[in-house]
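Engineer: no FASTA, just this:
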């Protein structure tokens, strides 16, 4: 940066001494009426033609060789004052045997004695014939990066990392694969030991089990006999019960580590897992609440009215001395009456005042009869009723440790997006047997294309096809997110679009 | 008895475990030894000439930009010496004599120093000290040192060919020169000169530090010009074609984060990179080296025959990667073939705080910083040989040598 500024203004001061200042140019400026000038002009034109053929400006080369009294500054070797010692001659040759493409190949003089190996003057720009990355080298570079990052973690990361115990309540529904895969991938990348407790409402199912099995993590898959109800309130309550059950499992198995609640539709950042390693007993992080609303115009209006049209955050609030002073909770008032009650409602889904996912606890708090367990933790077995948030597990909420630079960092995001309860999806998301009926759409985007061609089509790969409507399995998934609707149309003879779009 | 044995074994075991933990940094020892942390106080005495303020203060008053550009070392060195314990007010006991001339403070409107008046200024200053004090004539400047941080140092020109033609200012032939420019077998680098890093603002760099556990995910990082379109549009002259070669060969390589942009996160990005390119420009040295060292990014130095700062105290081959200009097109092969163990060792050496301190000019001065390294370098040249003291009437320097323009008074 500095160097660029430095040399940019050298324009006005720099003389053009290093430009080709052979007699040619000066002569052409001089009287062009003289025959010598004409001769030079013709010679110049000839040289230009030859240069065109050869591909580089050889005029300087010629003039140097002809008028080699070193009047041109191009190849002036650095002159040494007489007082300096004479060093051995070693002309640094720019033109080595490397394969070079489209550069100025100007040979350097090897006749004048120089004392420096580095020549001042014009050099060629070496470009290798295939200036693109070599995949083997790219792999090596990534291995180097991995090793460097591992070392960084060893030195500056958490010392003695503890196992992360992730608790996820889930149940089989259309969006389960979407959400659970997201959580699964986040957990797979966590650099610490991990135990994943998956609580499933409605009993253990093959769908969930097959999804989880792909993770390669240590999982504990437990079924819960109740089915997931349809209203959000009851859903939250059942999830809380499932989480308590998971905590009981932690207690039974005496799992050692840090318990965090990874709801299957949440998004976690990897810094979250680094940050929760700092918890001593009971900690809280800030959660960003992503509330969705169907009518974007409505939400825009609302945004203008509010003073803080920002994403609501739930989490600990600190005072100036970085001590826990209170809680940021979710403000339900703007959504009064306009929030979703049942899963099928196309309205905003609201979180509870304080979501479970914003809290982490040391699993030793849950063990029976721990020696140095603090007194403020309630015994889980004593808890009978509904525990709305993990704060119900402690008698004194001021003991909670705020994490993530005292709640200033948002480390995870809460979101609830679900399809309609009556929406169906192919089991395990495999279209088997392959679809065999296609019904062309009535309205094709190409007016020229023949409208109806009821051909029998057997698509080879079920997954790569756009979703075609067929008699056996209909899918009218309606999500609260209207933004992502892909119109996939085939350019074949049959035009088939998603029938769902027309609803 | 058994209890003592147990206790002893336990202590031995514990200490061995402690010793096995990865050390974060490594000691730096160059060819001069473990000298980065040497304290020069008591090892030398420096006498600072009192020159009229037209040589220093008035120039600075005219243009305070001189305090923040990369040649500001000359000004800060003066200020440091004025209040340093090595300063002596008695010139008879001084080992070294310092002449405070701010020769690099004649700036263009865009902030670049013009060196055209500097030779006359230095000449006039030396005429003054040789007539007012006897110490210059005693040795003809062999125990004097000057700070000349400009592009080609004591050659006082920004264009290399012109600088070479001028050569070192004749009256400075016997003095010790403290300069940023360093290239082996070059006219403008005298034997016995001390090479220093260019000035980089320490507070600005400190303020932009990011947490050390941020993973280094950029493999190679560089921001700067590849072609100097104003002065050398075709390429081949600027940086001897090396920067253009880097661009042409690696512009499509995702491992190389190189561009000419000026991002606001330049310092932060350097801290997220493993290698930082430090190629030559019009002159071989660059503040990028200082920035790379401070931010823990391994410097990849592409400048043939360059002499790096404090080369006798800092083992640059073990800290940085040197790539010959003719090998630039193979840069990716070279860098990926460095074994990870070597890379980790280089990072450990860079993490040494004495290494970072030695590259900076903090105000006020801290122990081990660049000011102290300069003094250490001067102290290592002591004691002066008897031969530098001239017999009365003997003259070695030719006061009328050099271009005619230099002889005019300033």
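Structural biologist: Here it is on my side, so go on. Keep in mind that what you see is a predicted model, and the values were worked out from it rather than measured.
Engineer: what does the stretch 51-200 of chain B put close to chain A?
Structural biologist: Applying CB under 8 Å from any CB of the partner chain, we find that the stretch 51-200 of chain B lies next to chain A at B:69-70, B:108, B:110-112, B:114, B:158-161, B:164-165, B:167-168, B:173, B:183-187. From N, CA and C alone the C-beta is placed, and that goes for glycine too.
Engineer: Contact partners for residue B:50?
Structural biologist: Contacts for residue B:50 (CB atoms under 8 Å, 6 or more residues apart in numbering or on different chains) come out as none.
Engineer: and the gap between it and chain A?
Structural biologist: In this view, residue B:50 and chain A are 32 Å apart by CB to the nearest CB, to the nearest Å.
Engineer: quick revisit: in PyMOL, select just the buried ones from the residues of the stretch 51-200 of chain B next to chain A.
Structural biologist: PyMOL command restricting these to the buried ones, with burial defined by 16 or more other CB atoms under 10 Å in any protein chain shown:
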select buried, chain B and resi 69+70+112+158+159+160+161+164+165+167+168+173+183+185+186+187
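Engineer: Filter the residues of the stretch 51-200 of chain B next to chain A down to just the ones in helices.
Structural biologist: B:160-161, B:164-165 (DSSP state H).
Engineer: Just send the residues you listed back as TSV, with pLDDT and distance to residue A:321 too.
Structural biologist: Formatted as TSV, those follow (pLDDT from 0 to 100; distance: CB to CB, whole Å):
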residue	pLDDT	distance to residue A:321
B:160	88	59
B:161	88	64
B:164	90	63
B:165	90	66
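Engineer: Name the SS class of residue 222, please.
Structural biologist: Picked chain A for this. Of the three states, residue A:222 takes strand under DSSP: H, G, I helix; E, B strand; the rest coil.
Engineer: was after chain B, sorry
Structural biologist: Taking three-state DSSP, the label given to residue B:222 is strand.
Engineer: Tally up the residues packed near it, please.
Structural biologist: 23 (other CB atoms under 10 Å in any protein chain shown).
Engineer: Report the contact partners of it.
Structural biologist: B:246, B:256-259, B:276-277, B:279.
Engineer: Would you mind measuring from it to chain A?
Structural biologist: Counting by CB to the nearest CB, the gap from residue B:222 to chain A is 11 Å.
Engineer: Quick check: beta-bridge partners of that residue?
Structural biologist: Per DSSP bridges, the residues bridged to residue B:222 are residue B:258.
Engineer: So what would you say the end-to-end distance of stretch B:64-79 is?
Structural biologist: This stretch, stretch B:64-79, spans 15 Å end to end (CA to CA, to the nearest Å).
Engineer: So for that stretch, mean pLDDT?
Structural biologist: Stretch B:64-79 shows a mean pLDDT of 91.
Engineer: What of stretch A:363-377?
Structural biologist: Stretch A:363-377 comes out at a mean pLDDT of 80.
Engineer: since we're on residue 176, how many residues are nearby?
Structural biologist: Going with chain A. Neighbours of residue A:176 (other CB under 10 Å): 21.
Engineer: was after chain B, sorry
Structural biologist: 19.
Engineer: what about the residue nearest to it when sequence neighbours are not counted, which SS state?
Structural biologist: Take residue B:176 and drop its neighbours on the chain: the residue closest to it by CB to CB, 6 or more residues apart in numbering or on different chains is residue B:145, 4.2 Å away. Reduced to three states with three-state DSSP, the structure at residue B:145 is strand.
Engineer: phi, psi of residue B:230?
Structural biologist: Dihedral pair for residue B:230: phi -80, psi -40, per degrees, to the nearest 10.
Engineer: of the contacts of residue B:222, buried ones?
Structural biologist: Buried among the contacts of residue B:222 by 16+ other CB under 10 Å: B:246, B:256-258, B:276-277, B:279.
Engineer: Quick check: the farthest pair among these?
Structural biologist: Greatest spacing in the buried ones among the contacts of residue B:222, by CB to CB: B:257 and B:279 (14.8 Å).
Engineer: Next one: the residue of the stretch 151-300 of chain A found nearest chain B from residue A:268, what distance?
Structural biologist: Per CB to the nearest CB, residue A:156 is where the stretch 151-300 of chain A lies closest to chain B, at 3.9 Å. Relative to residue A:268, residue A:156 is positioned 21 Å away (CB to CB, to the nearest Å).
Engineer: and if you look at residue A:404?
Structural biologist: Noted for residue A:404: a distance of 12 Å to residue A:268, by CB to CB.
Engineer: so what sits against both of those two?
Structural biologist: By CB under 8 Å, 6+ apart, the residues touching both residue A:404 and residue A:268 are residue A:411.
Engineer: any idea how far the closest residue to the residue of the stretch 151-300 of chain A closest to chain B other than its chain neighbours lies from residue A:145?
Structural biologist: Distances taken as CB to CB, 6+ apart put residue B:213 closest to residue A:156, at 3.9 Å, once the chain neighbours are dropped. When CB to CB is applied, the distance between residue B:213 and residue A:145 equals 15 Å.
Engineer: More neighbours: which of those two?
Structural biologist: Taking neighbours as other CB under 10 Å, residue B:213 and residue A:145 compare with residue A:145 leading, 19 against 14.
Engineer: List the contacts of that one.
Structural biologist: B:216-217, B:219, B:274.
Engineer: can you give me the strands in chain A?
Structural biologist: A:164-170, A:194-201, A:218-224, A:258-261, A:267-268, A:282-284, A:286-289, A:313-318, A:324-328, A:359-362, A:401-402, A:410-414 (DSSP state E).
Engineer: Output the ones you listed in CSV; the columns should cover mean neighbour count.
Structural biologist: Converted to CSV, the strands of chain A look like this (neighbours: other CB atoms under 10 Å in any protein chain shown):
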stretch, mean neighbour count
strand A:164-170, 26
strand A:194-201, 23
strand A:218-224, 16
strand A:258-261, 24
strand A:267-268, 19
strand A:282-284, 23
strand A:286-289, 22
strand A:313-318, 22
strand A:324-328, 16
strand A:359-362, 25
strand A:401-402, 18
strand A:410-414, 21
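Engineer: Give me the subset of the buried ones among the contacts of residue B:222 lying in strands.
Structural biologist: Short answer: the buried ones among the contacts of residue B:222 in strands (DSSP E) are B:256-258, B:276-277, B:279.
Engineer: Residue B:208 reaches residue B:269, doesn't it?
Structural biologist: No. With contacts counted by CB atoms under 8 Å, residue B:208 stays clear of residue B:269, the gap being 10.1 Å.
Engineer: if we can go back for a sec, can you confirm the residue nearest to residue A:156 is in a helix?
Structural biologist: No. According to three-state DSSP, residue B:213 belongs to no helix; its state is coil.
Engineer: List the contacts of it.
Structural biologist: Applying CB under 8 Å, 6+ apart, the residues near residue B:213 are A:152-153, A:156-157, A:274.
Engineer: Is it possible to mark the buried ones in those?
Structural biologist: Listed as buried from these are A:152, A:157, A:274; burial here means 16+ other CB under 10 Å.
Engineer: Least confident of the residues you listed?
Structural biologist: residue A:157 (82).
Engineer: partners of residue A:318 in the sheet?
Structural biologist: Here residue A:318, judged by DSSP bridges, has bridge partners residue A:324.
Engineer: nearest to residue A:250, of the buried ones among the contacts of residue B:222?
Structural biologist: Closest approach to residue A:250 among the buried ones among the contacts of residue B:222 (CB to CB): residue B:257, at 44.3 Å.
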